[in-house]
Structure formats: structure tokens, C-alpha cells
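Student: sequence and predicted structure below; questions after.
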Amino acid sequence: MRAPVVRIVDHGAATLVIGPTAVRRFDGDSAALLREVLDLHLRPINRTQLFAALAAATGEPPGALPAAPIDELVALLVADGVLIAARPPPAPRPAGALRRVVLGISGAIAAVDAPALIRGLQGAGCEVRVALTRNAAKLVSRAALDALTHRAVWSGIWQRAGAEVPHIHLAEWAELVVVCPASATTVSRIATGDCADLVAAIVAATRAPVVIVPSMNDAMYESPAVQGNLAQLRDHGRYLVHPALGVEVAHPPSARPAGWVMRGPAPPAAAILDIVRHLLREVAAAPRVPDTARGWEQLWAATPADQLPWHAAAVDPALANAIAARNAPGRRLLDLGTGDGVVAIAAARSGFHVTAIDIAPSALGAARARADRAGIRSIVLMLDDITAPRLDGSFDVAVDRGLLHVLSPDQRAGYAAAVAGLVAPGGDLLVVAHAPGAELGTHAITPDQLRALLPGFELVRVTPTALSGAAAMLFELQRHAPVR
């Protein structure tokens, strides 16, 4: 079939084919044949089909066409890269496969490349929404960006009354934020948390990964202030793209030394697309786990419980057996991070007096609905945060099915202090956590880490199990009884 881009020019009755090593001129009937062959190759076509189509166009029987000149023409066009091997049709895109990308554009000259970047992102299966700084609007047409994205371009924090608040709406909508180009001013604002413009405010508000593509003069790029800001961005966990080598467009072409290039311009759109494709694969492979109460509530409020990866119809056998082995009349059990209540319901059925806590109101609502369907109304459900709990009391057993491994390392100290205060001396703590190698966005736990985190407990047993379809471990711990 015909290549997507060809270098062919018609002039009167002649046609020029500009190839990588030669320029070929076709005149008269040869030019007419060339144009007909090119038109027929707009879709994949084989030799037999080509001759049949040419015969139909000329009214000649297929066997009457001179094969040699047609084959020679096709061979020349293949050699010049005008005709290429047909690629198989792309597989249908699965429903929901679009990736949500917010493109922030600042007032560097590379803003003029934004349309090419948007088209490339869309070609990679992304839905793109655009935010502009005030200076970016001087370099790239809003009308062009509107037409490419089929969405109104955002350019200010303050919108009309009753409309979405753009820096929050776009920050929460995005799966990836790309700031390209990022001028020295925008780099400074993002690094210091200055939300004076929309693009910097989106970056400050989002929990999505952020890619920053600096673009500026080499002297600006290498200045101590800018280098300090770039170092800050690295420390903040932003993806920082290395600049390309190019010319200083602030100088007129006549003032640019021959062969001289500087470091600082943004890489071309094709290079940015390669980086974004890789990062989107990383995002898909490592789902983000919320790290705030608000994030957990948003997740539970927006997602049916049975679609969450940790949902289970029943407690896995290893944990169910461990709970049953500790049951006795009147014993109290605390379910940490109950979610939709699978552990709390199983424990209540076993005869425990169950208190279940969670940080998300919608999770507690799902747990209550599930318990009601099971005919169990004795469970006490509480909105609480195990890293800083309001709950007071003493429990014989505490169960953590998948909570500890979603806490960040700096949240674990609060968890450990709370658990030590809530589990009675001689009581038990059951923890189910992902084992190392379970790449699900969680923080795997090892026996040594658990011993160091909970020195007041003895690790009695470790049993392999599974959680969210990945390898996990059931840790059975017992709180030390006081020495008399």
C-alpha cells in the first residue's frame, strides 16, 4: 500500500517522485499510470488485484496489459519508499482503554509543537485535555487545540459560577499530567508550590504521575536557580525529561552561529510520545493506591465493591481457620480496614463480638449492606483511622486483611502504636499482606519488617495465602503478656 507520507509533486502533465537517492520524472502516459497505481494503493492490494483494477479502469482484458512496465514501476516505488508492505489492521480498542492525559502548556516557544503532541497522544489511545498558562495562549491557537481535542481549553483558575473548578477537576480526572513545554517560570512555580496559574495548580492538586519537559535558553537552564528547582522536582518524585540540543530562537537566523547548538530546548513531540507511552504502561502495571482518607472515599464511592481487586466472596481458608481457632464465648474481635465487611461477617458468624473500622464512609456503607444481606446486624461499624484512632478499648483478636501493606512506610509507626494499644495482652493480631514481588501498588511486608515494627508481639506463624490474585502471607502474632 502507499506510504502515509510521500514526496511527490504534480506539475502540468509531469509528476516528480523525490526518493531518498534519486528524483524521478514521469511524463504523459507514464505519469497517468503512476497516479492510477498510487490511487489503487490507498488500500492494501496484491499484484493480481492491481492488474484486475487497471484492466477495469482501461477497459482492457487483464491479459492484454503490458506486465513489464507495471512491475518495473511498482519496483521503483517500493525502492523509493512510496509503496510499503501493508500492516495488519489494528486490534479493536477495548472499551475503557483510553488513558486520561492532561497536557499543560506554558509560554515557551515549543508550545507551537502542542498540536503534534496532542495528535500523537490521541493516536496512542489517550483522551487529552489541555490547560494553558497565560503566556502559552500567545504562542498556540486555542481554536486549534479546541478543534483537536473536541474539548474547551482551560486557561484560568477562575471560571464562571456553577462550572467545574478546573484545577481540581482536571487534577482528579488525569491518569497522567504532562507539562510540555515547561518554561523556567512554570518550573519555578511547580517546584515551589506557587499556584498562581492553572498549570502549576493542577500539578499541585493531582495525585497522578507528572511529567515535566523543561524548555528554555541554555543560560536559563544552567542557572543555579533553575537547576535548584529541577533538583526539587526530582526530590518530589516528578518525571523530569532531559532537554534536547537546539538553537536559540530568540536570535534571528542570521545571528545563529553555523553548527552551534545549545542544551535546553524541549525534545521533539515524537520523543515525548515515546516517554509517555512507557510511563502509561508503568501506570497500568502499578495501580495507584490512595494515601489519604479522601482518596479512599473517592475510590469506594466511585467503584462497585465487587470490582475492587481485594473483593472476595468469602475469607480465604488460611485466614478463616486462624480466626476460627481463636474463637471462644464472649471474645471481642477488631476488623482493621473492613472494606465491604468480608472479615467482619465471617467473624460474627463464628460467634465473635465484632467491631469493624474503616477510613471511608462508603466502604462502611458497603459493609453494612453486605451484612444486612447476610442477615447479620450485630457488627459495630465505626469510621476511624487506624494510624490515629479515636477508638478505645481492648480486643482479644485484631484482623488486618490487606491494610498494613497499603500504608506508606511513614504511616506504619502510627499503625503499630494503635495496634499495641488495642490488642489485649496475650491477644492475637492476624495480618494478611502481599509478599515481595506482588506488583500491585502495595508495600510488601517481610517477617523481619513485621518483627521490627511490632516489638511487643511475637511472630508465631507465617502461612502462604493469596490476596487480590497475588501471593500473600498470613502472619499470626501474639502480644506479649506482662511479666509479673
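Tutor: Yep, it's here.
Student: so where do the helices sit in the stretch 151-300 of the chain?
Tutor: Counting by DSSP state H, counting those that start in this stretch, the stretch 151-300 of the chain has helices at residues 166-173, 184-192, 198-205, 218-221, 224-235, 269-285, 293-302.
Student: just name the shakiest helix or strand of this structure by mean pLDDT.
Tutor: Lowest on mean pLDDT, DSSP states H and E among the helices and strands of the chain sits strand 262-263, with a mean of 76.
Student: which one of the helices of the stretch 151-300 of the chain lies nearest to residue 407?
Tutor: Nearest to residue 407 among those is helix 293-302 (11.5 Å), distances taken as Cβ to Cβ. Where you see a C-beta, it was placed from the backbone N, CA and C, and this is true even at glycine.
Student: with only the CA atoms kept, save the closest one in CSV.
Tutor: In CSV, the C-alpha atoms belonging to helix 293-302 read as follows (Å, rounded to 0.1, in the frame of the first residue of the first chain):
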residue,chain,number,x,y,z
ALA,A,293,-8.9,9.4,53.6
ARG,A,294,-10.3,11.5,50.8
GLY,A,295,-8.7,9.2,48.2
TRP,A,296,-10.1,6.1,49.8
GLU,A,297,-13.6,7.6,49.9
GLN,A,298,-13.4,8.6,46.3
LEU,A,299,-12.4,5.1,45.3
TRP,A,300,-15.1,3.4,47.3
ALA,A,301,-17.8,5.9,46.2
ALA,A,302,-16.9,5.5,42.5
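Student: packing partners for it?
Tutor: Packed against helix 293-302 by the contact rule (3 or more Cβ pairs under 8 Å, 6 or more residues apart in numbering; DSSP states H and E) you find helix 361-373.
Student: buried residues in the next helix or strand after the helix it packs on?
Tutor: Scanning forward in sequence from helix 361-373 by DSSP states H and E, the next helix or strand is strand 380-383. Going by neighbour count (16 or more other Cβ atoms under 10 Å), the buried part of strand 380-383 is residue 381.
Student: strand partners (parallel or antiparallel) of strand 380-383?
Tutor: The pairing partners recorded for strand 380-383 under DSSP bridges are strand 353-358 (parallel).
Student: distance between the ends of stretch 336-355?
Tutor: Distance between the two ends of stretch 336-355: 9 Å, counting by Cα to Cα, to the nearest Å.
Student: again with stretch 184-199
Tutor: 13 Å.
Student: same question, stretch 403-416
Tutor: 12 Å.
Student: residues touching it, excluding its own?
Tutor: Applying Cβ atoms under 8 Å, 6 or more residues apart in numbering, the external contacts of stretch 403-416 come out as 289-291, 336-337, 386-388, 431, 433-434, 442-445, 453-454.
Student: average model confidence for it?
Tutor: Averaging pLDDT along stretch 403-416 gives 91.
Student: distance between it and the chain's centre?
Tutor: Distance of stretch 403-416 from the chain centroid (Cα atoms, centre = their mean, to the nearest Å) equals 24 Å.
Student: buried ones in it?
Tutor: Residues of stretch 403-416 classed as buried: 403-407, 411-412, 415-416 (neighbour count, 16+ other Cβ under 10 Å).
Student: can you check stretch 190-205 too?
Tutor: Neighbour counts using 16+ other Cβ under 10 Å place 190-191, 195, 197-203, 205 of stretch 190-205 among the buried residues.
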